[in-house]
Every structure is written in structure tokens, then in C-alpha cells.
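In: generate a structure from the sequence data that follows.
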Amino acid sequence: MAIFIVVTAAFSALAATEEKSTKGVEANQTTASAASTSGMESFRDWFHNPADWLEMGADLQLHWTYGWNIETLNSHAANRSSGWNWLQNRTRWWTKTKISDDMEFNLRLTWEFISWDDPAHKRKDFDFDEIIFDQFNLTVRNLFDMPLTMVAGRQDIILGTGWLVLDGTPLDCGRTIYFDALRFTYKIPDRDTTLDLIYIENRAASDAYLKPINDRHRQVTQQDERGVILYVTDKSRPNLQLEGYFIFKNDNPINFRPTGAHVSPFDTPWPSVWSKKAEIYTIGGAVSGPLGQSEHWKYRAEGAVQTGKKQTLGGDFPQHPLLAFGTLDRLEYHFNDAKKNEVHGVFEYLSGDDPGTQKNEAFDPLWGEWPQWSKLIMYAYSFDTMAGEPTNFYRLGLGHSIQLTEKIQMCTDYHLLWADENTNKNNSVPGIIGFSDRGKFRGQLATWQLKYALTKNLKGHLLLEYFIPGDYYENFSRDNAYFAELSLEYTF
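Out: Predicted coordinates:
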């Protein structure tokens, strides 16, 4: 934490220089100060465009995180530490190389290392760790003289709001979200409609295709994954956006334990339990826009049905027919005032597996395993699904956001959580976490976030979360959980 404070002070000093650069040099400033500011801007211009055919950028992100009972909801769990405390440092450098007017090559290198205070089983000595390629792709526009764009290679992919497609490397936490993929995007002429066709080939091992520098043999996802996505987005109608998609995902288990999964709860010696074989077919869609002609009300409704087959547990367990459903619906009211006040309500449902049937009814979040509404809950799911997959829940949420000042935004949310099924009533982890066979109320979650933009290059946030478990858990797993995160990010 002391290191974080020192770096924050350094960033603040840098921000002060940024502000002087933004506002101009005052008449009473010294010639030396003016020269310093001019020199920084000249260096920044050169760094961003060192040549006509080359663009560059970089950023530095610091996260300090503290958690209590976030994994087990049990202050006295056997062989598990209640407290988590770490400093996460990530640096990225990227380039865009222009080959022609319609062709470019994109490269991004990411280096992240973590300093642990708790839990006790995490290594405390400094490790340089590895530098990974998290973008490595060729982009071609106007392919075949058509309104068609191709991106081939390692890339970030976010479809819709990211409910089902955003994070291809969930075990990597905040370091990367990449996909190894081939993506074609076609824009229908004379119509605001796009069609995406994507093929995905993700491997659990981070060195499967591009070997990291100083390789630490990380695993970035639970299993080897193949996928095909067809995604249509139609914005041609006024005040109405329509989305439709078909997603196929094929999971093939690994039989080795993941190593150094960053700030991940996957410190389990049972890869055969959470690395599961599956063939999942997902059909869904979304509709969004303002309510009628209102300038205040906005909505988004999304739903998907899944079929196929999937293991409920990995290893030699058989696959079961999959039939699942999920929906995410949001209604917003914007006051349209000077403070940008906004209130919203959210309903989300992901079906759970009924242990009394021969089917698997648990909705699979596909590539949506990222903290969409809570970071604390992502850790609490480590033993719930034995894969960290958020599923088997109802969620009712109510929230408010306000722009306190030009640079400060405050967001407050309250969630009520239920389980759809008592899937784990006979699968508790002795001495660590227990699931009841009678209750379905997961509990109450409150989140509060302060976002601060110091300059156009420096931003940060403070996130606090508090979870009160309900009767879905056994009595010994109903200790309150806390989560705090302080973050700074500087973009060069």
C-alpha cells in the first residue's frame, strides 16, 4: 500500500504538468517551465507518431486490492486465508504499422507483476514475471473491394454489452482479454447494419501460439476452446437497435493444474473437476433504445437459449444434454440535468442445474466470465461452480449514478441475489464452504464506486463492495465479505 501511495504522488505531480500543458503557459511562468512543457508535448507527439507509417501508445495501470472472505464466505475456513491483499502492476505498449491505406498490423505487449501481502500461500518475493503478446493481428479493410473488414490473429472482441462475448482469457483476470480469432465484419450497403462472422481458437496455455518473453507457462482459460459466432447488429431504424446471434462453443478439457493464474481463486489441485468438456449452441438476441419518443427512458433486453451437451463435472464424468436459458434486462431513467443523474433497474437470470435430472440446465456464460456487476462475486463463485462461471442465479438490481463534478462520477448499486437451483447441496467443500439443501437466497450485495478523471491521460477509481450471504449457504459459510480496489491508470 505504501508503494501505491508513493506512485500516486508521482502521478499527481505528472498530472499537474499535464494541466499546465492543457491550459497553456501563464504569463508569469518562467522560461524554463515553458520549455519543459513544450519538450513534453514534443516528445508525446513523436512517441505517438514516430513515422508516417507507425503509431505507438502505452499505458500504466496500478491496482491495490483488498478482500475479506471473498472466496469462502467463511472466516475460519480450513487451509484458506480470509484476507487477500495485493498490488497489481500492468504496463502495455502497442504499435499500429500501416502497410497500405487499407491494411495495418497491430501489436501489443503486456507486462504485469503482482506483489502479495496475503494470503499466506502466495509467494512474497518479487518475480519479474513474463511479457505476453495480447494483440498480434493483421487488419484489412475493403477486402475484395467490398465493405468487408478482416482481422486475423490475436485481438480483443466485444459484442453487444459483452454479456456473452468479451473475455477470452478469464483465468488471466485483468491482464488480458484476448481471443485468437479470425473475424470478418460486413457492412450492408445503404443500411446501418453489420454482420460479424468470427472463428475462435483459444488454448488454455498462454504459450500455445505466441511464446511470452520470460515464459512462466501460464494458463489463461479453463480449457481449450473453439467457437464460431454469427452476430448481426441493425441500427437502421430510428430509436431502435436490434441484435441477433448464433454462437457455437466447443470446450476440450486440460488435465494439468494451472500455474500462476494471477489474482485468481483457482488455487485448486483438481483440474479434472472444473475443466469440462462441452458442445454448446446458443441462439439469442437483444433489443434496445429509448422508450417511445422519451428523452428520459432507455431500455435494453437480451435473452438466449442454449442446447448441446456438457459435463456437470470434469474428468471421466459423462456429458449430459444441455438445455438452459438466460436473460439480462435493464431500464434507465436519465434526468438530463447538469449532474447527469441517472437511476436504473436490472433483472438478470441464468438458469441453474437441477441435480435431480439427467440434463444439465446450467446456463453457460461462454466468454462472459468477467466482473460485469461485481468483482467480489466472481471470487465467491470459485467453489460454487468449480469453474468460476457465474451461473445459477436471479439478480434484481437498483442503482444510481451522478456526475459530482466535471471530473468525478459516483455510482451506487444494490443487488438482491437468489439461486435458481440447489445444485451443490451434496457437493460442499468440507471445511471451506458449504451450500444448504433448503435455501435459495444467495444474499445482498452493495457496491459503491468513485471514478475520477484527473486529466485526459490520468484516471482512477475507488471501488467498495459488501456482501451479506443468505440461506443458500450453510451457517458456517455466512460470514460477511468485503472487497476494496484502488486504481490508477496513466495513458502516454
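In: list the buried ones in the strand or helix carrying residue 149?
Out: Using DSSP states H and E, the element containing residue 149 is strand 148-155. Neighbour counts over strand 148-155 (16 or more other CB atoms under 10 Å) mark 149-155 as buried. C-beta here means a position set from N, CA and C on the backbone, and glycine is covered the same way.
In: quick check, residue 425 in contact with residue 434.
Out: No - at 9.5 Å, residue 425 and residue 434 do not qualify as touching, with contact defined as CB atoms under 8 Å.
In: run through who's touching stretch 63-77.
Out: Contact with stretch 63-77 is made by 1, 4, 80, 82-90, 174, 263, 265, 376, 379-380, 382-383, 431-433, 467, 469, 473, 476-487, as judged by CB atoms under 8 Å, 6 or more residues apart in numbering.
In: are any of those buried, and which?
Out: Among the contacts of stretch 63-77, those scoring as buried are 4, 80, 82, 84-90, 174, 263, 265, 376, 379-380, 382-383, 432-433, 467, 469, 473, 476-479, 481, 483-487 (criterion: 16+ other CB under 10 Å).
In: so for residue 425 and residue 434, which sits in the more crowded spot?
Out: Neighbours were counted for residue 425 and for residue 434 using other CB atoms under 10 Å; residue 434 has more, 21 against 16.
In: now that one, nearest residue through space, not along the chain?
Out: In space, and not counting its chain neighbours, residue 434 is closest to residue 474: 3.1 Å by CB to CB, 6 or more residues apart in numbering.
In: now do the helix or strand containing residue 180: which elements does it pack against?
Out: Using DSSP H and E, residue 180 sits within strand 179-187. Under the contact criterion of 3 or more CB pairs under 8 Å, 6 or more residues apart in numbering; DSSP states H and E, strand 179-187 touches strand 148-155, strand 193-202.
In: to residue 165, which of these lies closest?
Out: Of all the helices and strands packed on strand 179-187, strand 193-202 sits nearest to residue 165, with 8.4 Å by CB to CB.
In: what average pLDDT does the closest one get?
Out: Per-residue pLDDT values over strand 193-202 give a mean of 98.
In: before we move on, what about stretch 47-64?
Out: Across stretch 47-64, pLDDT averages out at 95.
In: buried ones in that stretch, by neighbour count?
Out: Of the residues in stretch 47-64, 55-56, 58, 60-64 count as buried by neighbour count, 16+ other CB under 10 Å.
In: could I get these in a markdown table, plus columns for distance to residue 206 and secondary structure?
Out: Conversion of these to a markdown table gives the following (distance: CB to CB, whole Å; DSSP: H, G, I helix; E, B strand; the rest coil):
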| residue | distance to residue 206 | secondary structure |
| --- | --- | --- |
| 55 | 26 | strand |
| 56 | 24 | strand |
| 58 | 21 | strand |
| 60 | 22 | strand |
| 61 | 19 | strand |
| 62 | 22 | strand |
| 63 | 20 | strand |
| 64 | 25 | strand |
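In: can you tell me the helix or strand for residue 329?
Out: According to DSSP H and E, residue 329 maps onto strand 319-334.
In: that strand packs against which elements?
Out: strand 278-290, strand 297-311, strand 342-350.
In: from the centroid of the chain, which residue is nearest?
Out: Central residue of the chain (CA atoms, centre = their mean): residue 370, 3.6 Å from the mean position.
In: residues contacting that residue?
Out: Residues counted as contacts of residue 370 (CB under 8 Å, 6+ apart) are 162, 166-167, 170, 177, 378.
In: do that again at 10 Å, thanks
Out: By CB atoms under 10 Å, 6 or more residues apart in numbering, the residues touching residue 370 are 162, 166-167, 169-170, 173-174, 177, 378, 390.
In: which intervals of the protein have sub-threshold pLDDT?
Out: Residues of the chain that meet the criterion pLDDT under 70 lie in 1-38, 40, 79, 124-126, 256-273.
In: okay, now the domains of it?
Out: 1-48, 49-491 (automatic domain parsing).
In: now the element after the longest strand along the chain, going C-ward?
Out: For the chain, the strand with the greatest residue count under DSSP state E is strand 83-100. Helices and strands here follow DSSP H and E; after strand 83-100, the next one along the chain is strand 103-118.
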